[in-house]
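Peer 1: From the sequence below, what's the structure:
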Amino acid sequence: MKKVIHILSLLAIATTLAACSAEQQKKSNKKPDTEHEQEKESTKEAAGELTIDGPELPVTMEDALVYAKGEFGERGTKVEDGDVQAMLDSIPSYIDADNEDLNALIRYLYAQFKMEYSDPRSALKSQTVSGPEDEEQSAEVAKTFNVEIVLDASGSMANKLGGKTRMELAKESINKFAASLPAEANISLRVYGHKGTGSDQDKKTSCAANELVYSMQTYEKAELKKALDSFQPAGWTPLAQSLLEAQKDLAPYAGEQHQNIVYVVSDGIETCDGDPVAAAKRLKESGVSPVVNIIGFDVGGKDQTQLQEVAKAAGGTYANVTSQDQLKQEFDKAIQESLKWLEWKNNSTIDAHANKNEQTLNMLDMGNDWQNKLHEEKYLMHFSLNDLEFSGKITSEQNKFMMEKINDFYQKQLSDVDELKQVLIKAAKEDLDTTIKKIDEIYKNNTGE
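Peer 2: Take a look at the predicted model:
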C-alpha cells in the first residue's frame, strides 16, 4: 500500500512539473494563445506586400502539442482536394521573394496542415507501469518498400516537349519523386539504350546498353544526382531486356515481407528484336511479385498499343503522359502507397510488443500516430511546394531551399518522437519516476536546427 501511495505521489509531482514547464515554455516563446490568433496571423494581407505568414514553428515537442490544428490538419488530406487547391491558388507569386519571405511561406503552409497529436504521457500518468517482463520479445522483421524505375534512354528521348527534352523532364521528375519518398523506402534506377546511336551500325552496342546506375538503396541526394547526370539519350530501345534485368535487380526482395513497385518510363516500342510482352509475363510470375506501372511518354498509335500489352502481361497498369505534371502525378501514386506501407511499418512495433500490458500498447499507439501524422504533414508541404512551382509562383531554386528547410525540421521532430517511442517500449521495465523523467527530458529537447 505504501508503495502505491509513493508512486501516485511521484505521478502528481511529475504532472505538476510538466504542466509548469509547458506554461513557462509557452510564455517564453510568446506564441499566440488561441487558434483564432494563429489564423489571424496566418492570413494578414497588405497591398503590394508578401504578408502571408504563420506562427513560429514549434521548437520543442511541448510546443508542437500546444500548436493549434490547421484548417487542413486531417488525416487523408490531399493537395488535389478542392479547398486545398483554393488555398494554394490564393498564394501570390514568390518569384522575387527573399529568404525571409520564403521562411514565412513555410510557416504559413505548416499552419494550414498542422495536425493534432495525442500526448502519450496522458496514458503513462493515468496508471502505474507494469513490472519487468520475464522474456524478451524479438521484433518482427519489417517489410521493405522498394521502387525500381526503368528509364528509356533511347535517342527519341532527346525530342522536346515544351521547352525541355523528354529526358530532362523525366530526370527532374525522378529526382523530386525520390526525394519525397519516406526515408526508409528504397529506390533504384535502371536505364537502357543510352549508348551508341540510332544508326544500324551502332544497333548491337545500343541494344546491349542496360545499366543499373543507382542500385537499390535509400535516397542519397548526391549519389542519385551523379547517376542521373551519367547518361543522355542515345540509341535503340531494348525494352524486353530491361524488364528481365529489373527482375534480377529485385530478386533479393522476393517474398511477402517485401513490397515491390516497378515504373517503366518509355517513349516508344521495343526496337532490339526482343519480346517485351513475354518478358513482362516472366516478371509477373517471378517471386518478386512487383506492381508494374508502364508510363508511355507522349506516345501514340502502335507504340502505345504495344506498351499497353506489356502492362497487361505484367498484370499492371498503363498511363500515357504528355507533360511533366502528368508524369509527377503517376509517381505520386507510389508515394501514397509508401505512406500506407510506412504506417504499417510503424504500427508493427505494437505487434512486436503485444505481450506487454494494454497501457504500454496505448502509449506506443499514440507515438506511432504522432509519427504518421508528421509524415503526412511533411508530404503535404512537399506536394504544395511542387504545385506552387508548377504554377509558376516559385522557382525551382526556391522550392529546393524550402524543401531542405522542411526536411531538416521534420527529421528532428521524427527523431524526437522515435526517441520517445524507445522510452515507451522500455517503460514496462522501469519504475514510474524514471520513465516520467526521461519522457519530460525528450519533450524539452530543442527540435530546431
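Peer 1: Look up phi and psi at Met167.
Peer 2: phi -60, psi -40 (degrees, to the nearest 10).
Peer 1: what's the burial count for it?
Peer 2: Applying other CB atoms under 10 Å, we find 27 residues neighbouring Met167. In short, each C-beta sits where N, CA and C put it, glycine included.
Peer 1: Repeat that for Glu116.
Peer 2: Neighbours of Glu116 using other CB under 10 Å come to 13.
Peer 1: Just to check, it is in contact with Lys69?
Peer 2: Yes: Glu116 is within contact range of Lys69, at 4.4 Å (criterion: CB atoms under 8 Å).
Peer 1: Need the single longest helix in this protein, by residues.
Peer 2: What stands out as the longest helix in the chain, according to DSSP state H, is helix 358-390.
Peer 1: and the angle for the next helix or strand after that helix with helix 358-390?
Peer 2: Sequence-wise, the next helix or strand downstream of helix 358-390 (DSSP states H and E) is helix 396-425. For helix 396-425 against helix 358-390, the angle by axes from the mean of the first three to the mean of the last three CA atoms, to 10 degrees is 180 degrees.
Peer 1: tell me what helix 396-425 is packed against?
Peer 2: helix 61-66, helix 99-113, helix 120-124, helix 358-390, helix 432-443 (3 or more CB pairs under 8 Å, 6 or more residues apart in numbering; DSSP states H and E).
Peer 1: counting contacts, what elements does the longest helix of the chain pack onto?
Peer 2: helix 82-89, helix 99-113, helix 120-124, helix 166-180, helix 324-352, helix 396-425.
Peer 1: what mean pLDDT does the last one have?
Peer 2: When pLDDT is averaged over helix 396-425, the result is 90.
Peer 1: Now do it: distance to the chain's middle.
Peer 2: When C-alpha coordinates are averaged (CA atoms, centre = their mean, to the nearest Å), helix 396-425 and its chain have centres 11 Å apart.
Peer 1: tilt between it and helix 166-180?
Peer 2: 30 degrees.
Peer 1: residues contacting Met166?
Peer 2: Not Met; residue 166 is Arg. Going by CB atoms under 8 Å, 6 or more residues apart in numbering, Arg166 touches 156-160, 233, 267, 297-298.
Peer 1: gap between it and Gln241?
Peer 2: For Arg166, the distance to Gln241 (CB to CB, to the nearest Å) stands at 21 Å.
Peer 1: again with Ser391
Peer 2: From Ser391 to Gln241 the distance is 40 Å (CB to CB).
Peer 1: Leu327: neighbour count?
Peer 2: With other CB under 10 Å as criterion, Leu327 counts 25.
Peer 1: got a list of what it touches?
Peer 2: 169-170, 173, 265, 295, 297, 321.
Peer 1: among those, which two are most distant?
Peer 2: Leu169 and Ile295 (11.8 Å; CB to CB).
Peer 1: of those two, who's got more company?
Peer 2: Neighbour tally, Leu169 and Ile295, criterion other CB under 10 Å: the higher count belongs to Ile295, 27 against 23.
Peer 1: quick one, phi psi at the more buried one?
Peer 2: The phi/psi pair for Ile295 (degrees, to the nearest 10) is phi -110, psi 110.
Peer 1: same check, this time on Glu223
Peer 2: phi -70, psi -40.
Peer 1: Then Asp275?
Peer 2: phi -120, psi 90.
Peer 1: Just confirm it contacts Ala240, I think it does.
Peer 2: Yes: Asp275 is within contact range of Ala240, at 5.4 Å (criterion: CB under 8 Å).
Peer 1: And these two? Which one has more around it.
Peer 2: Ala240 (22 against 15).
Peer 1: And that one, which helix or strand is it part of?
Peer 2: helix 239-250.
Peer 1: Show residues contacting that helix.
Peer 2: Here helix 239-250 has contacts from 146, 148, 150, 152, 188, 190, 192, 207, 210, 212, 215-216, 260, 262, 264, 266, 269-270, 272, 274-276, 278-280, 282-283, 286, 288, 290, 310, 314, using CB under 8 Å, 6+ apart.
Peer 1: what comes into contact with the helix or strand just after that helix?
Peer 2: Proceeding N to C from helix 239-250, the next assigned helix or strand is strand 258-266, under DSSP H and E. If you take CB under 8 Å, 6+ apart as the criterion, strand 258-266 is touched by 143-152, 170, 237, 239, 242-243, 246, 250, 253, 283, 288-297, 299, 307, 310, 314, 316, 327, 330-331, 334, 337, 341.
Peer 1: Make a ChimeraX selection of whichever of those residues turn out to be buried.
Peer 2: Filtering the contacts of strand 258-266 down to the buried ones (16 or more other CB atoms under 10 Å) takes a single ChimeraX command:
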select :143,144,145,146,147,148,149,150,151,152,170,237,239,242,243,246,250,253,283,288,289,290,291,292,293,294,295,296,297,299,307,310,314,316,327,330,331,334,337,341
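Peer 1: that older thread, mark which of the contacts of Arg166 are buried, thanks.
Peer 2: Buried among the contacts of Arg166 (16+ other CB under 10 Å): 156-157, 233, 267, 297-298.
Peer 1: Now for the residues you listed: which two are most distant?
Peer 2: So, the buried ones among the contacts of Arg166 by CB to CB: farthest apart are Pro233 and Asp298, at 13.6 Å.
Peer 1: Contacts only, for the residue nearest to Leu88 when sequence neighbours are not counted.
Peer 2: Spatial nearest neighbour of Leu88, chain neighbours left out: Asp387 (5.5 Å); criterion: CB to CB, 6 or more residues apart in numbering. The neighbourhood of Asp387, defined by CB under 8 Å, 6+ apart, consists of 79, 85, 88.
Peer 1: As a markdown table, these with neighbour count, pLDDT and distance to Ile52 would be great.
Peer 2: Below are these laid out as a markdown table (neighbours: other CB atoms under 10 Å; pLDDT from 0 to 100; distance: CB to CB, whole Å):
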| residue | neighbour count | pLDDT | distance to Ile52 |
| --- | --- | --- | --- |
| Val79 | 20 | 86 | 17 |
| Gln85 | 14 | 95 | 16 |
| Leu88 | 18 | 95 | 11 |
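Peer 1: List phi and psi for Glu285.
Peer 2: Per degrees, to the nearest 10, the backbone of Glu285 is at phi -80, psi 0.
Peer 1: Pull up the gap between the nearest residue to His194 once chain neighbours are set aside and Met216, please.
Peer 2: The shortest distance from His194 to any non-neighbouring residue, by CB to CB, 6+ apart, is to Ala153 (3.6 Å). When CB to CB is the yardstick, Ala153 and Met216 sit 19 Å from each other.
Peer 1: low pLDDT regions in the protein?
Peer 2: Low-confidence segments of the chain (pLDDT under 70): 1-49, 122-142, 341, 345-363, 425, 427-439, 443, 445-449.
Peer 1: Show me the domain layout of it.
Peer 2: 2-134+353-443, 144-331 (automatic domain parsing).
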